[in-house]
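Participant: Okay, here's the prediction I keep looking at, along with the sequence it came from:
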Amino acid sequence: MNNLITGLLLFFITHIIIWFQVNGQFVWPWAKANPWLMSILGLPISYVLIIATKYIVAGFDGLLWPGRLVGFGSGMIVMAILTWCILGEGISTKTLVSLVLATTLVFIQVFWK
């Protein structure tokens, strides 16, 4: 269970960093003017995602698919929350349904044994 928790935390942390890397251009003029510098974040993000995947696969007894679905679901959750909180973009019915489905995906993978 520790592997799974560690992997989940790393996925959520990297998705938060990715959100700022990709969408920082809409928040800060500096990020918009320096896309090459923002892209440098890709190397440490990729490294942490590799480590997160290692923990998730260990947490799921060597299975790769659950980790992919958990990564997707956690990215959707982070995207919805940060876009709403920081950019003020409301959550439409379509986005809410997608968010519920993404959350359901994560819960199915984590809790269905």
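Facilitator: Great, that's in hand.
Participant: tell me which residues in the helix or strand Phe20 falls within are buried?
Facilitator: Using DSSP states H and E, Phe20 sits within helix 2-23. Neighbour-count burial for helix 2-23, with 16 or more other CB atoms under 10 Å as criterion, is recorded at 4, 6-8, 10-12, 14-16, 18-21. The C-beta positions use only the backbone N, C-alpha and C, and glycine is treated the same way.
Participant: who does it touch, helix- and strand-wise?
Facilitator: Other helices and strands packing on helix 2-23, by 3 or more CB pairs under 8 Å, 6 or more residues apart in numbering; DSSP states H and E, are helix 42-59, helix 65-87.
Participant: by how many degrees do it and helix 65-87 diverge?
Facilitator: Interaxial angle, helix 2-23 versus helix 65-87 (axes from the mean of the first three to the mean of the last three CA atoms, to 10 degrees): 40 degrees.
Participant: So what's the gap between the next helix or strand after helix 2-23 and the chain middle?
Facilitator: Remark: after helix 2-23, the chain's next helix or strand is helix 29-33, criterion DSSP H and E. Taking CA atoms, centre = their mean, to the nearest Å, one finds the center of helix 29-33 at 23 Å from the center of the full chain.
Participant: average pLDDT for stretch 66-77?
Facilitator: Stretch 66-77 comes out with an average pLDDT of 88.
Participant: buried set for that stretch?
Facilitator: 66-67, 69-77.
Participant: Please list the outside residues in contact with it.
Facilitator: 7-8, 11-12, 15, 18, 49, 52-53, 56-57, 60, 98-99, 102-103, 105-106, 108-110 (CB atoms under 8 Å, 6 or more residues apart in numbering).
Participant: Repeat that for stretch 42-50.
Facilitator: Residues outside stretch 42-50 that contact it (CB under 8 Å, 6+ apart) are 10-11, 13-14, 17-18, 21, 71.
Participant: Of these, just say which sits nearest to Trp36.
Facilitator: Relative to Trp36, the closest of these is Gln21; by CB to CB it sits at 12.0 Å.
Participant: give the contact list for Glu89.
Facilitator: Glu89 makes contact with Thr83, according to CB under 8 Å, 6+ apart.
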